[in-house]
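Asks: make a model of this:
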Amino acid sequence: MLILETIAKIRRAFFVQGKSIKLICRELNVSRKVVRKVIRSEATEFRYERESQPLPKIGPWTDQLDELLLANEGKPARERLTLIRLFEELRGRGYGGGYDAVRRYAGRWSTERGHSTAAACKFACNNDPLRGDFRVQFRPL
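Replies: All right, here's what the predicted structure looks like:
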């Protein structure tokens, strides 16, 4: 990812100072392809965002990981396993991928689950401080 400052340095060196592409590459430690791209385009920011994240190693294990995450969510807070423990559990079952893949998947899973849970339930709270009545009820929408 190029930042605006680097793009400005490349353009200034080429257009104002008249430096060659090869010299700019040496001075700024960027490839010739990048320098050409900056010079030819009018863009001030270059980003690459992946449309879909491939899951080559964790793909076959998502069902088991979903099962572990769901079981872990149902436990009390003190008994819940950390993501490293869940990763070790998966490795014990034969998973050969890395921890980062499990962490990213669990993050997406909890985000999706949180939104679906919030959408599926309506929060109603009966607060009466005089009677000490602090009940929380969840009602389906």
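Asks: give me the distance between the residue most central in space within the chain and residue 97.
Replies: For the chain, the residue nearest the mean C-alpha position is residue 104 (6.2 Å; Cα atoms, centre = their mean). Relative to residue 97, residue 104 is positioned 11 Å away (Cβ to Cβ, to the nearest Å). In this view, the C-beta of every residue, glycine as well, is placed from N, C-alpha and C.
Asks: can you check residue 61 too?
Replies: For residue 61, the distance to residue 97 equals 7 Å [Cβ to Cβ].
Asks: kindly report the same for residue 11.
Replies: When residue 11 is compared with residue 97 (using Cβ to Cβ), they lie 42 Å apart.
Asks: which one's more surrounded, those two?
Replies: Under the neighbour definition other Cβ atoms under 10 Å, residue 11 and residue 97 were set side by side, and residue 97 has more, 18 against 15.
Asks: mind listing what that one touches?
Replies: For residue 97, the contact set (Cβ atoms under 8 Å, 6 or more residues apart in numbering) comprises 57, 58, 61.
Asks: run a quick neighbour tally on the second one.
Replies: What that stands for is residue 58. Counted by other Cβ under 10 Å, the residues lying close to residue 58 total 21.
Asks: and what of residue 12?
Replies: Neighbours around residue 12, by other Cβ under 10 Å: 12.
Asks: got a list of what it touches?
Replies: Taking Cβ under 8 Å, 6+ apart, one finds nothing in contact with residue 12.
Asks: I'd assumed it was in a strand, is it?
Replies: No - read with DSSP: H, G, I helix; E, B strand; the rest coil, residue 12 is helix and lies in no strand.
Asks: ok, now how distant is it from residue 38?
Replies: Taking Cβ to Cβ, one finds residue 12 at 11 Å from residue 38.
Asks: helix or strand: which one has residue 5?
Replies: Using DSSP states H and E, the element containing residue 5 is helix 4-11.
Asks: again but with residue 63, I slipped
Replies: helix 62-74.
Asks: buried stuff in that helix?
Replies: Neighbour-count burial for helix 62-74 flags 65, 68, 69, 72 (criterion: 16 or more other Cβ atoms under 10 Å).
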